[in-house]
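J.: From the sequence below, what's the structure:
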Amino acid sequence: MNKIFSLLLLGSLTITANAQTATPLPTAQSFGKVDKADLEMTKCDFEPDANAEILFDKGDTYFDTQYNINTDRHKRIKIFNDNGKDEANIRIEYYSYNRIEYITGLQAQTINLTNGAVEIIKVDKKQIFTEAVDKYRSAMVFSFPNVKPGTIIEYKYRLTSQSIANFPDWYFQTDLPTRYSELNTNTPDILTYKRLSNVHSPYAVDKTSSSNTHTEAMVNIPSLKDEPYMDARNDNSERILFQLLSIRIPGYFAPNFQDSWTKVGQNMVDDEDFGGQFNRKLAGEEVIINKAKALKTDDEKIAYIFNEVKNTMKWNDYYAHYTSDGTPKAWEKKIGNSAEVNLILYHLLKKSGLNVYPMMVSTRKNGRINPSYPSTTQFNSTVAYIPVDSAKYYVLDATNKYNLYNQVPEVFLNSFGLMLDKDNKVYDLPFLQQPDPVRQVILLNAEIKADGKMSGTADISSFSYNKMYFTKKYKTDGEKKYNDYLREDNNSLKISGLTFENMDIDTLPLRQKLNFNLDLTGSDDNYIYFNSNLFTGLKTNPFLAENRFTDIDFGYRDNYAITGIFKIPTGYKIDAMPKSISMAIPDGTVVFKRLVAEQDGSIMVRFSIDHKKSLYFKENYPEFREFCKKMYDMLNEQIVLKKG
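T.: Next up is the predicted model:
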């Protein structure tokens, strides 16, 4: 009996101990109620190097009796150091046209621990501003006062939407670590929303109450950091998107209800600020149209009109899939958003007899188009689309002065675009890609001197996106900064006589020719050391991180062909030379070759790098990283010459 009692007592003590040591679940707090421990906290427990941390972010979304969607948002942020103080500048954008959305009840305050006492400074309502983004959107903007390392800032507000289609999305993951994120949603039975979830971490809370409120919460969510060649942040964040699927309200009619891409397309071509601009006359357009019609081929017409618009219109740096001032006014002012610039382009191409269509697109930074989620909100720009045949098409964007008419702009690659054929009521989603590899060809011819110096010439041919990149860099940076870029800030390398060919001819590669002199550091009276990796941009491996959290998206396939011939000085011989080698990543989608040979007193080194696809999944990152480590080591491997 005593033995049984002792075992029961021991078990109860164990349960008590476990309960005492279990970490309590973080949660949101009422406005103004702050734990002193949070004010004294100096770093994020699960991401110690963070400059700031979201202590909690809570959203409550529900409907009122008028079927308005209300979202009460309460967010609290801890500032750890001076680098985190920018988090105190808040900008909340919303769709303000005809008061479709509006913000009420904004409260914000700074909380500090001063001499052991909690000090609260409320944000003066006179310092809260409403800023017009364009005719459709506004932003509420304010900054917190007296922010310093150790500060906590918090704010809350209500966002009301008068459109049942505008159910707000929720992002659990941001660029800051988040201790606790909670979303509460309550929707009436007469409305059905589709949930597009990108949540891979387990929920700390996932339950539905008796009143039909669904609560989802996550804890200790790491920040989403920028990684080389990553997709849009929103595409990679843990999140939930909502799409209205059905309405069962007696007598309710939703003319703009988007339940298919056909409906999305119809809404846009019927919209005054989009389809209403297709045929609007532009001042003096006859001169351009008549000159285009006089040209012989479609490509000549396309190139001419594209360059006329590109060189006439100035982009205001704002992406949009609708016009703000309208195309005639934008043409008159010679400035406009991306939709205005490219609908002007579409109009002139159409009037010149070309088979062209407007197309809504999304930049890579904005995110990829999800074909199972019909919605205009996915798009952030407009282009002109010209199908040539079943395999060839042109995507024209005249906002970027360095775009080529015969290349899909890089920012739209590997995503869908919505092509709008108003006349035939056809609304398709073609996938925009660059299937052919983009070439970069480098030819080096150099002589090595016995005094440890190298002099020679470089001939660099850049195709497609490489041409666009180098042209923009040179014209933007100027010759001095561009030379520094070419020599990768190597003070031992000097460039002279740089010339360009075909810079303004869209159909030919950019060709750069230059002379160079290089001091071979590390050489002495008996040995000369050098490597042939010059002017390639491949000195530094961008894939050093041990772990990867996002896919690698290069946008397009690339192909490098690098050949160098180096004359050996008299009286020297090869002491160490890299071996010829060929290797590939396990799935064969990246191939690297190095050929090294000696002939008639010269060394020839040839590199070949071929990416057979543009997208590599994060699940395969370990093998991709290991391959890149070996490849970059081989690219930078030295050749050693010995005297005598």
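
J.: Not counting its own residues, what contacts stretch 348-355?
T.: Applying CB atoms under 8 Å, 6 or more residues apart in numbering, the contact partners of stretch 348-355 are 278, 282, 285, 288-289, 292-293, 298, 301-302, 305, 308-309, 356, 384, 386-387, 396. The way it works is simple: take the backbone N, C-alpha and C, and place the C-beta from them, glycine included.

J.: Distance from the chain centre to that stretch, please.
T.: Chain-centre distance of stretch 348-355: 33 Å, with CA atoms, centre = their mean, to the nearest Å.

J.: That one: which residues count as buried?
T.: 348-352, 354 (16 or more other CB atoms under 10 Å).

J.: Could you find the closest non-adjacent residue to the most centrally placed residue in the chain?
T.: Centroid check for the chain by CA atoms, centre = their mean gives residue 365 as the closest residue, at 2.9 Å. Nearest residue to residue 365 in three dimensions, chain neighbours excluded: residue 232, at 5.5 Å (CB to CB, 6 or more residues apart in numbering).

J.: For the one you found, what are phi and psi?
T.: phi -60, psi 140 (degrees, to the nearest 10).

J.: mind listing which of the buried residues of stretch 348-355 are in helices?
T.: Among the buried residues of stretch 348-355, the residues falling in helices (DSSP state H) are 348-351.

J.: all strands for the stretch 201-350 of the chain, in order.
T.: Here the stretch 201-350 of the chain has its strands, by DSSP state E, counting those that start in this stretch, at 205-208, 214-221, 239-247, 314-315, 335-336.

J.: average model confidence for the fourth one?
T.: Along strand 314-315, the predicted confidence averages to a pLDDT of 97.

J.: partners of it, with directions?
T.: Note on strand 314-315: by DSSP bridges, its sheet partners are strand 335-336 (parallel).

J.: How about residues contacting the strand it pairs with?
T.: 313-316, 323-325, 327, 330, 344.

J.: Mind giving me the PyMOL select for those residues, buried ones only?
T.: Those of the contacts of strand 335-336 that count as buried under 16+ other CB under 10 Å are selected in PyMOL with:
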select buried, resi 313+315+316+323+324+325+327+330+344
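
J.: Quick check: the two most widely separated of the contacts of strand 335-336?
T.: Put simply, by CB to CB the two of the contacts of strand 335-336 set farthest apart are 314 and 323, 15.5 Å from each other.

J.: residue ranges with poor pLDDT in this protein?
T.: 1-23, 250-258 (pLDDT under 70).

J.: How is it partitioned into domains?
T.: 36-247, 261-432, 438-643 (automatic domain parsing).

J.: How far off centre is the second one?
T.: It stands for domain 261-432. 21 Å.

J.: okay, how far is it across it, tip to tip?
T.: Domain 261-432 has its terminal residues 17 Å apart, counting by CA to CA, to the nearest Å.

J.: Likewise for the last one?
T.: With CA to CA as the measure, the first residue of domain 438-643 is 42 Å from its last.

J.: so where do the helices sit in the stretch 51-200 of the chain?
T.: Applying DSSP state H, counting those that start in this stretch to the stretch 51-200 of the chain gives no helices.

J.: tell me which element residue 386 falls in.
T.: strand 381-387 (DSSP states H and E).

J.: Repeat that for residue 363.
T.: Applying DSSP H and E, one finds residue 363 in no helix or strand.

J.: didn't it look like it was pressed against residue 319?
T.: Yes. Taking CB atoms under 8 Å as the definition, residue 363 is a contact partner of residue 319 at 6.2 Å.

J.: anything in contact with each of the two?
T.: Common neighbours of residue 363 and residue 319 (CB under 8 Å, 6+ apart) are 380-381.

J.: circling back: out of the strands of the stretch 201-350 of the chain, the one nearest residue 70 is which?
T.: strand 239-247 (14.4 Å).

J.: Which elements pack onto that closest one?
T.: Applying 3 or more CB pairs under 8 Å, 6 or more residues apart in numbering; DSSP states H and E, one finds that strand 239-247 contacts strand 170-171, strand 191-198.

J.: wait, which of these is closest to residue 448?
T.: Nearest of these to residue 448, taken as CB to CB: strand 191-198 at 54.7 Å.

J.: Export only the CA atoms of that closest one, formatted as CSV.
T.: What follows is strand 191-198, C-alpha atoms only, in CSV (Å, rounded to 0.1, in the frame of the first residue of the first chain):
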residue,chain,number,x,y,z
LEU,A,191,-20.5,33.5,-48.2
THR,A,192,-17.8,31.0,-49.2
TYR,A,193,-14.1,31.8,-49.4
LYS,A,194,-11.4,29.7,-50.8
ARG,A,195,-8.2,29.6,-48.7
LEU,A,196,-4.9,29.5,-50.5
SER,A,197,-2.5,28.5,-47.7
ASN,A,198,1.3,28.6,-47.7
